[in-house]
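Colleague: When you get a sec, could you give me coordinates for this:
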Amino acid sequence: MIRGCVALAAIVGLAGSAGAQVLGSDAAACRPGAAMDGGPAIAVEITGLKDRTGELKLELYPGTEADFLKGDRVLIAAGKTFRRVVVPTPATGPMTMCIRAPRPGRYALLLTHNRDGKNKFSFWTDGAGFASNVKLGRSRPKVEQALVEVGAGVTTVRITAQYLRGLGGFGPIGPH
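Modeller: The predicted structure follows:
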């Protein structure tokens with residue numbers, strides 16, 4: 001019994017960074033040793049949420065300006081990389097989401113915080129973030145802000161969510 005509890009504690013301790021539960025349909029790809037089983041993946045540590053409502057969405061795009069933020073159906077029809085993972089926003093605690101990549105390489109990664117529960121991004125209420133964590137401002141994001149170099153194993157990035165902050169456009173909530 002004690003041996004079983006110790007083994008379970010060791011597994012739980014490895015599940016995510018800083019005690020965060022690994023979320024999403026691809027969570028198994030971010031567990032220790034997953035590179036040998038399921039290929040490359042990105043573990044995304046999410047910070048700076050305005051609240052714990054709605055859902056969180058990660059989208060993986062080809063790492064080119066021409067394909068960045070293109071419609072999923074268009075990319076899939078063209079045989080290009082597109083992957084999406086959606087989870088309900090956890091009520092408490094640190095968050096790490098996992099998304100698989102088809103192979104090692106350079107990709108664009110987008111995080112959105114859909115606060116109102118609608119399946120359409122609202123500039124007025126929803127949040128967004130990219131791996132560079134550069135203040136988004138008012139203009140359409142460039143692919144350079146979202147690029148992630150994915151290796152053969154699990155690549156970890158931290159994304160701070162940003163929300164509309166008046167005339168200055170999108171930025172993080174609070175001091176960052």
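Colleague: A helix includes Leu75, no?
Modeller: Yes - judged by DSSP: H, G, I helix; E, B strand; the rest coil, Leu75 forms part of a helix.
Colleague: ok, for it, nearest residue in space, not its chain neighbours?
Modeller: Phe82 (4.1 Å; C-beta to C-beta, 6 or more residues apart in numbering). From N, CA and C alone the C-beta is placed, and that goes for glycine too.
Colleague: isn't that neighbour right next to Leu69, touching?
Modeller: No - the pair Phe82 and Leu69 does not pass the contact test of C-beta atoms under 8 Å, sitting 10.8 Å apart.
Colleague: between these two, who's got more neighbours?
Modeller: The residue with more neighbours, out of Phe82 and Leu69, is Phe82; 19 against 13, by other C-beta atoms under 10 Å.
Colleague: Relative to Gly174, how far out is the residue most central in space within the chain?
Modeller: Closest residue to the average C-alpha location of the chain: Leu58 at 4.2 Å, with C-alpha atoms, centre = their mean. As judged by C-beta to C-beta, to the nearest Å, Leu58 and Gly174 stand 23 Å apart.
Colleague: Just the C-alpha atoms of whichever strand or helix holds the residue nearest to the centre of the chain, please, in PDB.
Modeller: Element membership for Leu58 (DSSP states H and E) is strand 55-62. Coordinates of each C-alpha in strand 55-62 appear next as PDB, following Å, rounded to 0.1, in the frame of the first residue of the first chain:
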ATOM      1  CA  GLU A  55     -12.400  28.100 -22.100                       C
ATOM      2  CA  LEU A  56      -8.800  28.200 -23.200                       C
ATOM      3  CA  LYS A  57      -7.800  27.300 -26.700                       C
ATOM      4  CA  LEU A  58      -4.400  26.600 -28.200                       C
ATOM      5  CA  GLU A  59      -3.900  26.600 -32.000                       C
ATOM      6  CA  LEU A  60      -0.800  25.500 -33.900                       C
ATOM      7  CA  TYR A  61      -0.200  26.900 -37.300                       C
ATOM      8  CA  PRO A  62       2.600  26.600 -39.900                       C
END
